[in-house]
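K.L.:
coordinates for the following, if possible.
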Amino acid sequence: MARIAGIDLPKNKRGVIGLTYIYGVGTKSSEEILTKAGIDFSKRIQTWTDEEIARIRLVLADYKVEGQLRSEVQLNIKRLMDIGCYRGIRHRRGLPARGQRTRTNSRTRKGRRKTVAGKKKAVKK
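P.N.:
Numbers count the residues shown, from 1 in each chain. Sure, this is the predicted structure:
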């Protein structure tokens, strides 16, 4: 099993797909990485040699991936919250930040439904 950037890559997947398990590496950038490293796209991860893995690590050193990228994203969100812009406020409140409706849906951001008691009906005399 190949371990790159602190991630165990699945051994029976193709190289292009396996590299996408690393945070910050998509299909396009994994193709680019493998091209720079001189490795065939269709080659399975279990057939990579130690030398090929070392070349991939060398190429990946130029990219922002995993911890470095995660911390940068968190700092960007924190900056938005500190300056108090609209997107920052939405992050602070745990609501969608990109204009989605919240009357229905958006359960992923808001969490489970919290039941609110309805109005009491007036008693007729």
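
K.L.:
make it CA atoms for all contacts and neighbour counts henceforth
P.N.:
Will do.

K.L.:
residues contacting stretch 11-31, please?
P.N.:
By CA atoms under 8 Å, 6 or more residues apart in numbering, the residues outside stretch 11-31 that reach it are 1-2, 5, 7, 9-10, 34, 41-46, 64-66, 69.

K.L.:
so how far is Lys78 from Arg90?
P.N.:
12 Å (CA to CA, to the nearest Å).

K.L.:
for the residue positioned nearest the centre of the chain, what are phi and psi?
P.N.:
Nearest residue to the geometric centre of the chain (CA atoms, centre = their mean): Tyr23, 6.0 Å. The phi/psi pair for Tyr23 (degrees, to the nearest 10) reads phi -60, psi 120.

K.L.:
so how far is Arg101 from it?
P.N.:
Taken as CA to CA, the span from Tyr23 to Arg101 is 29 Å.

K.L.:
go on, Ile39?
P.N.:
45 Å.

K.L.:
the more surrounded of those two?
P.N.:
Of the pair Ile39 and Arg101, Ile39 is the one with more neighbours under other CA atoms under 10 Å, namely 18 against 10.

K.L.:
ok, for the more buried one, nearest residue in space, not its chain neighbours?
P.N.:
Leaving aside its sequence neighbours, Ile39 sits nearest to Glu52 (CA to CA, 6 or more residues apart in numbering; 7.3 Å).

K.L.:
and the pLDDT at that neighbour?
P.N.:
Per-residue pLDDT puts Glu52 at 94.

K.L.:
helix or strand: which one has it?
P.N.:
Using DSSP states H and E, Glu52 sits within helix 50-60.

K.L.:
following that helix, which helix or strand shows up next?
P.N.:
Helix 50-60 is succeeded, C-terminally, by helix 66-83 (DSSP H and E).

K.L.:
and the gap between Phe41 and Thr102?
P.N.:
From Phe41 over to Thr102 (counting by CA to CA), the distance is 43 Å.

K.L.:
measure Leu80 to Gly94 for me?
P.N.:
Taken as CA to CA, the span from Leu80 to Gly94 is 13 Å.
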